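*Asks:* Quick one, structure for this:
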Amino acid sequence: MNTGVEREGHATLDLGTRAAKARKIERLLDLPSCHQKILEVGTGAGGIAHYFAMHTDAPRTVEAVDVKDQRQVMEGYGFTVVSSTSLPFTEAEFDAVISNHVIEHVGDRADQLHHLMEIGRVLKADGCAYLAVPSRWMLVEPHYGLPFLSWLPRAWRSPYLRLAKKGSYYDCEPLQLHELEDLARKAGLLCENISLRAFRTLVELEHPGGLLARLARLPDRWLEWLNPLAPTHVCLLRREA
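*Replies:* Residues are numbered from 1 along each chain as shown. This is a model prediction of the structure:
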């Protein structure tokens, strides 16, 4: 977080939606039933950390960090306030790390790289990290509700915000998929793009009927053709051998 810019809090504090997201993340991580130690980076309301600690039969130890304490639920997990992308944990401490729509808020590319390096540092050699980030090519920017905001060159985004009276400075850094993959490689992480699997899991758990359900039944090759328009990149990260 080296830009010196005061960034807005964009955490989703609705516990109902956090429980649904946690179920999706749990399905995609496919964690074993043995004891697991899990870290959530950028916990916001705490709903996802709480779910992993309390709403499962599997024995789990859960830690969470954030730059602000905005928790709506605190039971079942440890919490630490952090001031940067550095994580206050020892090397190879966690079986799983969750970074759900966090990396776009940590700062510039150097901060994003450090965020990934820290995830890799605290992840066990056989561990797995879940990472989701908005695509730069999303049609409507979700934090400010403006169409094509992140499509613009960086220097034009803040003037667009001001013109639309939505704010004074665009404080997010969404990524293109190849940019995320490049950062992961530099951080010593293998990056598996599971966006299509994540979309179908999302539809199954949160939108089982309607247009999205019909779209999810399309063949993989059709959905892969539409992938550039997907609003979110979802990846599993593992340490390189």
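
*Asks:* Just list the residues touching Gly47, thanks.
*Replies:* Residues near Gly47 by Cβ atoms under 8 Å, 6 or more residues apart in numbering: 15, 17-19, 21-22, 72-73. Bear in mind the C-beta positions are built from the backbone N, C-alpha and C, glycine included.

*Asks:* Would you mind listing the residues in contact with the residue nearest to Ile48 when sequence neighbours are not counted?
*Replies:* Of all residues not flanking Ile48 in the chain, Ala22 sits nearest, at 4.4 Å (Cβ to Cβ, 6 or more residues apart in numbering). Listed by Cβ under 8 Å, 6+ apart, the contact partners of Ala22 are 47-48, 51-52, 55.

*Asks:* 10 Å - rerun?
*Replies:* Ala22 sits next to 40, 47-52, 55-56, 98, 100 when contact means Cβ atoms under 10 Å, 6 or more residues apart in numbering.

*Asks:* possible to save these as JSON lines with secondary structure?
*Replies:* Shown next, in JSON lines, are the contacts of Ala22 (DSSP: H, G, I helix; E, B strand; the rest coil):
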{"residue": "Glu40", "secondary structure": "strand"}
{"residue": "Gly47", "secondary structure": "helix"}
{"residue": "Ile48", "secondary structure": "helix"}
{"residue": "Ala49", "secondary structure": "helix"}
{"residue": "His50", "secondary structure": "helix"}
{"residue": "Tyr51", "secondary structure": "helix"}
{"residue": "Phe52", "secondary structure": "helix"}
{"residue": "His55", "secondary structure": "coil"}
{"residue": "Thr56", "secondary structure": "coil"}
{"residue": "Ile98", "secondary structure": "strand"}
{"residue": "Asn100", "secondary structure": "strand"}
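
*Asks:* Just flag the most distant two among those.
*Replies:* Largest separation among the contacts of Ala22 by Cβ to Cβ: Thr56 and Asn100, giving 17.2 Å.

*Asks:* So which residues of the chain form strands?
*Replies:* 36-41, 60-66, 78-81, 94-100, 123-134, 140-141, 146-147, 189-193, 232-239 (DSSP state E).

*Asks:* Give me the angle between the second one and strand 94-100.
*Replies:* Strand 60-66 runs at 40 degrees relative to strand 94-100, counting by axes from the mean of the first three to the mean of the last three Cα atoms, to 10 degrees.

*Asks:* Select, out of the strands of the chain, the one closest to Asp30.
*Replies:* strand 123-134 (8.4 Å).

*Asks:* Who is the residue most central in space within the chain paired with across the strands?
*Replies:* In the chain, the residue lying closest to the centroid (Cα atoms, centre = their mean) is Asn100, at 2.1 Å. Assessed by DSSP bridges, Asn100 has beta-bridge partners Ala132.

*Asks:* residue ranges for the helices of the protein, please.
*Replies:* For the chain, applying DSSP state H gives helices covering 15-29, 47-54, 109-122, 154-163, 177-186, 195-206, 211-216, 220-226.

*Asks:* and the first one, which residues are buried?
*Replies:* Think helix 15-29. 15, 18, 20-26, 28-29 (16 or more other Cβ atoms under 10 Å).

*Asks:* now stretch 107-119
*Replies:* Neighbour-count burial for stretch 107-119, counted by 16+ other Cβ under 10 Å, picks out 107, 111-119.

*Asks:* Report the distance from it to the chain centre.
*Replies:* How far stretch 107-119 lies from its chain's middle: 13 Å, per Cα atoms, centre = their mean, to the nearest Å.

*Asks:* do stretch 93-103 as well
*Replies:* 8 Å.

*Asks:* and if you look at stretch 90-109?
*Replies:* 8 Å.

*Asks:* what about that stretch, start to end distance?
*Replies:* Length of stretch 90-109, first residue to last, Cα to Cα, to the nearest Å: 24 Å.
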